[in-house]
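K.L.:
Okay, sequence plus prediction incoming.
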Amino acid sequence: MGRIPLDAIRVPTSGSAAQKVEAELRRAIVTLALPPGTRLSEAEIAERHGVSRQPVREALIGLARTRLVEILPQRGTVVVRISVKKMMEARFVREAIETAVARRAAGGFDANARTRIDDLLDLQAKAAARGAHETFQHYDEMFHMALAEGAGCALAWEAIADIKAHMDRACHLTLKGSMAPLVDQHRAIIAAVDAGDGDAAAEAMRQHLSEILRALPKVETEHPDLFE
């Protein structure tokens, strides 16, 4: 198992020390900058962030709680392989919540959030055009967050923020293909919201979240070392 490449970790600028370390490690794991099998050293991470080992330990416990890493007694902490089972469970929960969010959004939507979504769609399209996978994934997440906020149910997004990480690593692999269809899917969701059609908004969201099911067999075949 490889050691942690310290240049994969960038230091966030807000939150407690433990929160900053956890957020950045999560980003690195999701984007596969820290691939499955990477051994995480408390001492190395603490040195990188300029903090004591205690906040690093708290961050690793948080990541273990969401099952992105495994803390092995006497052996340290290791990034786990992508679990298709956990990913499917996460997708099931996410679909249940986000289709409900889309349906609710169609019944009434905050004007400021709607403007923000237009900006995010433009940013997504630009990221897709230049093949910026990590940037696109960031704006994709912001789109779904803005949709929940605009529908008046921001807590819905918070409820799935942790479990969706099990989808995000596989999604990162699929983004190496064309990202443009995902932008079109986002536009279809918001078009149904604008039309006040709850059924269409929910169905557009369901279709969007099913994209990973179509792409999964290919990425599993291409990257067997990353999956359980």
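P.N.:
That came in fine, so what should we check first? Residues are numbered from 1 along each chain as shown.
K.L.:
And residue 49, what's its pLDDT?
P.N.:
Listed pLDDT for residue 49 reads 87.
K.L.:
shouldn't it be in contact with residue 18?
P.N.:
No: at 10.1 Å, residue 49 does not count as touching residue 18 under the criterion of CB atoms under 8 Å. For every residue, glycine as well, the C-beta is placed using N, CA and C.
K.L.:
Overlap in contacts, those two.
P.N.:
55-56 (CB atoms under 8 Å, 6 or more residues apart in numbering).
K.L.:
model confidence over the helix or strand hosting residue 89, on average?
P.N.:
In the assignment (DSSP states H and E), residue 89 maps to helix 84-106. Mean pLDDT, computed over helix 84-106, is 95.
K.L.:
which ones are touching the residue nearest to the spatial centre of the chain?
P.N.:
By CA atoms, centre = their mean, the chain has its centre lying nearest to residue 168, at 4.2 Å. The contact partners of residue 168, taken as CB under 8 Å, 6+ apart, are 30, 137.
K.L.:
where's the helix or strand where it lies relative to the chain centroid, distance-wise?
P.N.:
In this assignment (DSSP H and E), residue 168 forms part of helix 165-174. Here the centre of helix 165-174 is set off from its chain's centre by 7 Å, with CA atoms, centre = their mean, to the nearest Å.
K.L.:
quick one, that helix and helix 84-106 angle?
P.N.:
Helix 165-174 runs at 90 degrees relative to helix 84-106, counting by axes from the mean of the first three to the mean of the last three CA atoms, to 10 degrees.
K.L.:
Now the most far-flung residue of the chain relative to its centre, what are its backbone angles?
P.N.:
Largest separation from the mean C-alpha position in the chain: residue 74, at 30.5 Å (CA atoms, centre = their mean). Backbone torsions of residue 74, given as degrees, to the nearest 10, read phi 70, psi 0.
K.L.:
ok, it to residue 197 distance?
P.N.:
Noted for residue 74: a distance of 57 Å to residue 197, by CB to CB, to the nearest Å.
K.L.:
ok, now residue 91?
P.N.:
24 Å.
K.L.:
So the two - more neighbours on which side?
P.N.:
Taking other CB atoms under 10 Å, residue 91 and residue 197 do not tie; residue 91 has more neighbours (20 against 15).
K.L.:
No more questions from me, cheers.
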